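Participant: below are the sequence and a predicted model; questions follow.
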Amino acid sequence: MKRNAVIGDLDWLTILVFLVLIAMGWLNIFSAVYSGDYNGILDIDQRYGKQFLWICASIIIAVGVLSVNSRFFEFFSYPVFGLMMLLLVLVLFIGKEVNASKSWFIIGSLQIQPSEFAKPAVALALARYLSTYNLNVKSLKSLITAGSIFVLPAGLILLQPDAGSALVFFTFILVLYREGFSWTLLLTTFFLLLLFFLVLILPESIILMIIIVSGALIYLITSGNTRYFIRALLIYSSIFGLILGVTEIAGFKHDLYKTGLLSLGFSIPLFLILIYLHRIRKSIGILAGIAVAVVYSFGVDYGFHNFLNEYQQHRINIMLGITSDPLGAGYNVNQSKIAIGSGGFSGKGFLEGTQTKLSFVPEQSTDFIFCTVGEEWGFIGTVTVLGLFTFLLARLIILAERQRTVFSRIYGYGVFSVLFFHVVINISMTVGLFPVIGIPLPFFSYGGSSLWAFTILLFIFLRLDASRKEYIL
């Protein structure tokens with residue numbers, strides 16, 4: 001395709017939104033770090049000076065991406081993915097530790113975070129695999145292979161440890177759902193996420209009860225057969241009562257969770273006999289699901305206390321209301337909410353934010369950049385920013401659906417999923433609806449690695465979209 005044709009077929013509306021977002025982001029970074037010692041926008045001793053240079057570099061990167069032949073991205077998807085996995089391994093050994101995470105390569109005065117660039121690499125690799133000719137996307141093999149493409153980098157990033165960045169990769173489940181995987185995949189993901197938080201809040205005995213009741217309800221909904229359900233319930237209840245009675249007679253201390261777990265273990269062989277005699281095939285999957293959920297609940301509890309840093313545990317506990325620390329781990333969120341609320345309808349004005357100027361909100365130019373918008377631009381500013389992001393996300397879906405190749409469509413949904421997760425979670429963090437996990441607001445937050453990675457992610461898709469007319473419907 002000729003260069004003029006590429007320029008003419010670019011989605012300039014999306015590019016305009018991109019430029020507006022990075023410009024607004026820079027203004028808010030400028031305001032967040034501005035002081036009386038102003039030496040110009042190119043003062044690289046200040047964050048706004050560095051961000052300005054990174055923005056210029058991101059525009060050059062965008063032009064470079066648009067200049068590449070669109071077929072390059074599909075052909076080199078796997079090599080790029082392999083290279084990024086190699087970098088994620090290397091950073092564990094030779095990377096620099098920042099904020100208790102070994103996530104950065106230092107090249108002179110430049111810091112590069114490979115986990116950010118892994119996002120477009122995973123989106124490309126997943127699109128390449130799912131667009132394989134004659135692939136049965138609903139098979140278990142396809143699900144495992146596709147899942148491993150984003151679980152592998154998530155696991156490597158978790159070892160740094162950077163739980164927030166690792167969590168981003170699971171948003172690619174939305175891509176799997178769009179490409180035909182069962183709707184139960186989304187429901188299972190939602191249930192596991194809900195179970196994660198419930199494990200941290202509720203006693204073990206209640207968690208076990210929730211898992212068993214959920215499995216029973218799923219069986220009733222999918223089969224509509226109450227007869228075998230009642231039999232299974234009687235078997236479990238009888239064994240539970242028997243074990244409880246024995247422990248009472250023996251004088252042991254009651255532990256409902258262990259009693260329930262032991263009862264489930266003794267019940268499973270009887271359930272399997274019932275399934276075999278009456279050929280209730282659906283029950284096998286449900287029993288397996290219950291077993292996985294029980295193991296998962298153990299894993300969540302163990303992982304929470306052994307893999308997450310203490311400050312991350314503290315933040316999650318504060319968000320869930322388990323502990324209260326308004327002057328410690330909860331300070332950032334409290335000050336962020338105060339800043340946003342103080343902006344009122346029209347805000348205090350550019351450079352007039354008192355919370356910003358007095359540095360009440362730590363990391364205000366990075367994770368909490370949105371509270372600067374709320375304080376200085378008020379309700380009008382926050383609605384404008386949210387509107388721009390909503391428009392961008394909606395536009396990405398429109399562009400993805402008009403693609404003429406499966407690869408381009410899947411990649412487009414990958415871009416949407418990553419940006420959607422970042423926008424929703426980052427803004428939710430600033431208003432206390434989600435624990436602070438340290439992920440940036442796309443095109444807004446301070447940082448070269450995140451800005452460049454988001455630019456690459458978006459403009460690869462715009463390049464693919466510009467070449468869609470090369471393919472015959």
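Facilitator: Received, thanks. Bear in mind the structure is a predicted one, so any value in this text is a computation, not a measurement.
Participant: I'd like to know which elements the longest helix belonging to the chain is packed against.
Facilitator: In the chain, with assignment by DSSP state H, the single longest helix is helix 369-401. If you count contacts as 3 or more C-beta pairs under 8 Å, 6 or more residues apart in numbering; DSSP states H and E, helix 369-401 packs onto helix 12-33, helix 331-342, helix 354-357, helix 406-430, helix 448-466. No exception for glycine: its C-beta is placed from N, CA and C like everyone else's.
Participant: apart from its neighbours in sequence, what residue is nearest I397?
Facilitator: Among residues not flanking I397 along the chain, F416 sits closest, at 6.0 Å (C-beta to C-beta, 6 or more residues apart in numbering).
Participant: list the contacts of that neighbour.
Facilitator: Residues in contact with F416 (C-beta atoms under 8 Å, 6 or more residues apart in numbering) are 174, 393, 396-397, 400.
Participant: strands of the stretch 101-250 of the chain, start to end?
Facilitator: Remark: strands assigned in the stretch 101-250 of the chain by DSSP state E, counting those that start in this stretch are 101-107, 110-112.
Participant: can you point out the buried residues in the last one?
Facilitator: Neighbour counts using 16 or more other C-beta atoms under 10 Å place 111-112 of strand 110-112 among the buried residues.
Participant: parallel or antiparallel, list what pairs with that strand.
Facilitator: strand 101-107 (antiparallel) (DSSP bridges).
Participant: what's the angle from the partner strand to helix 448-466?
Facilitator: 80 degrees (axes from the mean of the first three to the mean of the last three C-alpha atoms, to 10 degrees).
Participant: please state the offset of strand 101-107 from the chain centre?
Facilitator: Distance of strand 101-107 from its chain centroid, counting by C-alpha atoms, centre = their mean, to the nearest Å, is 21 Å.
Participant: swap in stretch 234-251?
Facilitator: Its chain's C-alpha centre and that of stretch 234-251 lie 43 Å apart, by C-alpha atoms, centre = their mean.
Participant: can I get it as CSV, trimmed to CA atoms?
Facilitator: Output of stretch 234-251 as CSV, limited to C-alpha atoms (Å, rounded to 0.1, in the frame of the first residue of the first chain):
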residue,chain,number,x,y,z
LEU,A,234,-28.6,-36.2,52.1
ILE,A,235,-25.3,-38.1,51.6
TYR,A,236,-23.2,-35.0,52.4
SER,A,237,-25.4,-34.0,55.4
SER,A,238,-25.3,-37.5,56.8
ILE,A,239,-21.6,-37.7,56.7
PHE,A,240,-21.2,-34.2,58.0
GLY,A,241,-23.5,-35.0,61.0
LEU,A,242,-21.7,-38.3,61.6
ILE,A,243,-18.3,-36.6,61.8
LEU,A,244,-19.6,-33.8,63.9
GLY,A,245,-21.1,-36.4,66.3
VAL,A,246,-17.9,-38.4,66.5
THR,A,247,-15.9,-35.3,67.3
GLU,A,248,-18.4,-34.4,70.0
ILE,A,249,-18.3,-37.8,71.6
ALA,A,250,-14.5,-37.9,71.4
GLY,A,251,-14.3,-34.4,73.0
